[in-house]
Structures are given as structure tokens and as C-alpha cells.
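Participant: sharing a model prediction with you, sequence too.
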Amino acid sequence: MTEQKFAIELKAASTEEFKVERSLHDKIGPINPQKINVQLGFQFHHEIVKDIFTVTVLVVYQYPTNPSNNEHIELMKFQAGFDFTVTNLKTILKPNQSGFQMPDNVMMAIVGVSISTARGMLIPLTAGSYLNSFILPIVDTKEMLENLKIKKTPIENELHVQGQQQLTKRKPKQSR
């Protein structure tokens, strides 16, 4: 098997939606970071002829209001789009009826950069709010993609990852 050469470059990043529930203290009191449920969703598009691969990332923070009947409040919803130039995209992306297939290392790089960039975009967006203390956790992209069985099945144009991700409250900067 010949090695497929490629290069990935993030060309554009844009916030498509951002909402924060601001009046929570009266509704639920202090927030316990251990109870925040982080949900990630992804949508993929490609223009093979132009070597463009686009990832839309959805980040939702939910907080339980009544755990006995699975009620929750949406603390934050963030959606961003990331446009990548992938040289030789036509040789590494294989479209099919249910989506496409792409080598693991390429997909891990693209999804990893998308999540990390989303994390960086959220920091200034949440500045001045209670959510600025709760940073989007670092995700093991390889494990996440393996858990979704992407290695063995074609990737659909939409995929959602849901689950409890541990959030830790960020410590304030030390004054010098």
C-alpha cells in the first residue's frame, strides 16, 4: 500500500451561533462543574475539486435541573464552522452513498484542530460570564473516533458525540 501524502491548513473559522443562559443563579443556584454535561456534534462537507473540507462543530453545555426525570437546562450552545484546505483531498477522501471514508490520521487531525479552535473561540465569548470558568475539556480524538466505529464504517455527513465530559473549573490568573 502506498503512503498518501497530504497537508492540512485551517483557512477560516467562524462563529455561527452562540447562546448563553445568563440568569441561572436564581433558577439553580451555584453550578457544580461535575454535573455539567458537555455534548459535541459534528457535520462534515467537502468540495473535492477545490481541496476544501469543512467541519461544523456544535458544543452544548447542559445542567440537570431535575435528575429524577432527566430534565436539564441548556447553559450554552455554540456552533462554529471551520474550513480546511487539504492538499490531495481527492486521493484521500472516498465518497460513498452513506457519506465518505478518510484515513484515521487525517480525520483525527481535522477534528482535533476543530475542537481545539472551538475551545479557543469560546474563551473570549464567555468572558465576563460564569461559563468562562468552565473550559471545554480536552478530548481524546482518537478514542472518540474509535468509539464511534469510524474506522470500520463509512463516515456519515453528520455525526454526534454525546456524553459526560469532565469539566474542571479554571483557576483565576495569579496577580504579579
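Facilitator: All right, it came through fine.

Participant: remind me, longest helix of the chain?
Facilitator: In the chain, taking DSSP state H as the definition, the longest helix is helix 104-125.

Participant: mind giving me the packing neighbours of that one?
Facilitator: With contacts defined as 3 or more Cβ pairs under 8 Å, 6 or more residues apart in numbering; DSSP states H and E, the packing partners of helix 104-125 are strand 8-20, strand 37-47, strand 52-66, strand 71-86, helix 141-147. Where C-beta positions appear, they are placed from N, C-alpha and C, glycine not excepted.

Participant: for residue 124, find the nearest of the ones you listed.
Facilitator: Closest of the helices and strands packed on helix 104-125 to residue 124 is strand 8-20, at 10.3 Å (criterion: Cβ to Cβ).

Participant: quick one: distance of the closest one to the chain centre.
Facilitator: Averaging C-alpha coordinates over strand 8-20 and over its chain gives two centres that are 11 Å apart (Cα atoms, centre = their mean, to the nearest Å).

Participant: just the buried positions in that strand, please.
Facilitator: Of all the residues in strand 8-20, those buried under the rule 16 or more other Cβ atoms under 10 Å are 13, 20.

Participant: so that strand versus strand 52-66, what angle?
Facilitator: 30 degrees (axes from the mean of the first three to the mean of the last three Cα atoms, to 10 degrees).

Participant: same for strand 8-20, what does it pack against?
Facilitator: Using 3+ Cβ pairs under 8 Å, 6+ apart as the contact definition, the elements that strand 8-20 packs against are strand 71-86, helix 104-125.

Participant: dump those to a markdown table, plus mean pLDDT and distance to residue 6.
Facilitator: Shown next, in a markdown table, are those (pLDDT from 0 to 100; distance: least, Cβ to Cβ, whole Å):
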| stretch | mean pLDDT | distance to residue 6 |
| --- | --- | --- |
| strand 71-86 | 93 | 6 |
| helix 104-125 | 94 | 6 |
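
Participant: could you dump the ones you listed to TSV with mean neighbour count?
Facilitator: Conversion of these to TSV gives the following (neighbours: other Cβ atoms under 10 Å):
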stretch	mean neighbour count
strand 71-86	18
helix 104-125	18
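
Participant: mind putting those in JSON lines, distance to residue 31 included?
Facilitator: Putting the helices and strands packed on strand 8-20 into JSON lines (distance: least, Cβ to Cβ, whole Å) gives the following:
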{"stretch": "strand 71-86", "distance to residue 31": "8"}
{"stretch": "helix 104-125", "distance to residue 31": "16"}
